[in-house]
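>>> sequence and predicted model, in that order:
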Amino acid sequence: MKLGLQLGYWGARPPEGVAALLTAAEECGFDSAFTAESWGSDALTPLAWWGSDTSRLRLGTSVAQLSARTPTAAAMAALTMDHLTGGRFILGLGVSGPQVVEGWYGQPFAKPLARTREYVQVIRDVLAREAPVAQDGPHYTLPFAGEGATGLGKPLKPITHPLRADVPIWLGAEGPKNVAQTAEIADGWLAIYYSPRLAPMYDEWLDEGFARPGARRSREDFEIAATCQITVTDDPGAVRDGVRPTVALYVGGMGAPELNFHAQVYRRMGYGEAVDEVTDLFRAGRKDEAAAAVPDEMIDETMIIGDAQHVRREVARWEAAGVTTMLVTCRDAAQVRSIAEVVL
């Protein structure tokens, strides 16, 4: 089992102590570190800034949002980061949700699977640098030929030669069709709210993708990186209480009531009634009550909280379910060391 440090996205202000976290992660044998974006800080700038002090960690985005930049801009960022890191970059991508895509980026959310497929193909074409890049898809057209086009655009190849033509592309995916496509076209799956109990269901989705003609990977060389809060503690109840507000936010407040991908994940786990209650309370502005309504079982389904023996046992269960990397959030260097000591 590999460990990845999930640095996430910023809140109201940039976090403090990140350099110490990364130093501890490298010293303790972590494999990777990731940054994210929502609608505040971006994923790439902090990764480049903080990553400049690392020498061994793989550095990735978990996730960079498709609508935040064109596919060629994402390819340029991947090309640049891969050179700057000496071949340690992982491009993690995700579609986000309609509230962000349409509300923040002002772009249509429709047909996210088709958009993802085209987006990834353009990036692969840029990094391959075998020919000028052209794309005649319904979502991305290169050269641009729509209303207002001058007709002067032409296909181009990147000026800078990529360090690697096969920079790993991992996709954030939650639903069955998205996970299957991820297994088909990507190098890894960034799984949020993963439950090892549902591994047989995930395996069906993944196997469908691996079996498609032209699939890029097989199960043997495909990576599954699952976000999982790991806390080594003798007081699991207090830790659960600390994470309830975050679970309530994602289940009850992230996305529209009609379309919340995180809520759908927990519904598949069998927590439909709890999801409904949390959502109703959160949407009514009763956020403390929404957090209190998150049952312990929902937390334990997707997080590992307990003493060292419990953590080792659960990590082994996640590994047996197919997870290759646990992406963990740590508040300080001491927590990095405690997790590494138990897991690694």
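Everything's here; your move. Residues are numbered from 1 along each chain as shown.

>>> show residues contacting the one helix or strand residue 327 maps to.
According to DSSP states H and E, residue 327 maps onto strand 325-328. By CB atoms under 8 Å, 6 or more residues apart in numbering, the list of residues contacting strand 325-328 from outside reads 1-6, 31-32, 34, 62, 190, 223-230, 315, 318, 339, 343. Placement of C-beta: from N, CA and C, glycine included.

>>> mind redoing it with 6 Å?
Residues outside strand 325-328 that contact it (CB atoms under 6 Å, 6 or more residues apart in numbering): 2, 3, 4, 6, 225, 227, 228, 230, 339.

>>> element containing the closest residue to the second one other than its chain neighbours, please.
The reference is to residue 3. If the residues on either side of it in the chain are set aside, residue 3 comes closest to residue 30, at 4.7 Å by CB to CB, 6 or more residues apart in numbering. Secondary-structure element containing residue 30, defined by DSSP H and E: none, the residue being outside all helices and strands.

>>> who wins on neighbours among the contacts of strand 325-328?
Neighbours were tallied for each of the contacts of strand 325-328 (criterion: other CB atoms under 10 Å), and the maximum of 28 neighbours falls on residue 225.

>>> name the SS class of that one, please.
strand (DSSP: H, G, I helix; E, B strand; the rest coil).

>>> then residue 86?
For residue 86, the reduced secondary structure class is coil; criterion used: three-state DSSP.

>>> report how many residues lie close to it.
Neighbourhood size, residue 86 [other CB under 10 Å]: 10.

>>> please report the distance of it from residue 4.
18 Å (CB to CB, to the nearest Å).

>>> and residue 26, by the same measure?
Residue 26 sits at a distance of 12 Å from residue 4 (criterion: CB to CB).

>>> now intersect the contacts of strand 325-328 with the helices, please.
Using DSSP state H, the members of those that fall within helices are residue 339.

>>> tell me the two of the contacts of strand 325-328 that are most distant?
Largest separation among those by CB to CB: 225 and 339, giving 15.4 Å.

>>> next secondary structure after the helix or strand harbouring residue 26?
In this structure, residue 26 sits in helix 18-28 according to DSSP H and E. Read in the C-terminal direction, the helix or strand following helix 18-28 is strand 32-35, with elements assigned using DSSP H and E.

>>> now do that following strand: distance to the chain's middle.
Between the centre of strand 32-35 and the centre of its host chain there is 10 Å, according to CA atoms, centre = their mean, to the nearest Å.

>>> what is it packed up against?
When contacts are defined as 3 or more CB pairs under 6 Å, 6 or more residues apart in numbering; DSSP states H and E, strand 32-35 sits against strand 2-8, strand 58-61.

>>> show me where this protein has its strands.
Using DSSP state E, the strands of the chain run over residues 2-8, 32-35, 58-61, 64-65, 89-94, 135-136, 141-142, 169-172, 188-191, 223-227, 230-232, 304-306, 325-328.

>>> may I have the worst-scoring helix or strand of the chain on mean pLDDT as PDB, with CA atoms only?
In the chain, the helix or strand scored least confidently by mean pLDDT, DSSP states H and E is helix 261-268, which has a mean of 84. As requested, C-alpha coordinates have been extracted for helix 261-268 and formatted as PDB (Å, rounded to 0.1, in the frame of the first residue of the first chain):
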ATOM      1  CA  PHE A 261     -22.700  13.100  -6.900                       C
ATOM      2  CA  HIS A 262     -21.400  12.700  -3.400                       C
ATOM      3  CA  ALA A 263     -24.800  12.100  -2.100                       C
ATOM      4  CA  GLN A 264     -25.400   9.500  -4.800                       C
ATOM      5  CA  VAL A 265     -22.300   7.600  -3.700                       C
ATOM      6  CA  TYR A 266     -23.700   7.300  -0.100                       C
ATOM      7  CA  ARG A 267     -27.000   6.300  -1.500                       C
ATOM      8  CA  ARG A 268     -25.400   3.400  -3.300                       C
END
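
>>> can you report how many residues neighbour the closest residue to residue 310 other than its chain neighbours?
Nearest in space to residue 310, with sequence neighbours left out and distances taken as CB to CB, 6+ apart, is residue 304 at 7.5 Å. For residue 304, the number of neighbouring residues by other CB under 10 Å comes to 24.

>>> tell me where the chain has helices.
Using DSSP H, helices in the chain cover 18-28, 44-51, 71-84, 98-103, 112-128, 176-185, 199-210, 236-252, 261-268, 272-283, 287-292, 296-302, 308-320, 333-343.

>>> what residues of the least confident helix or strand of the chain count as buried?
The neighbour-count check on helix 261-268 (16 or more other CB atoms under 10 Å) flags 261, 262, 263, 264, 265, 266, 267 as buried.
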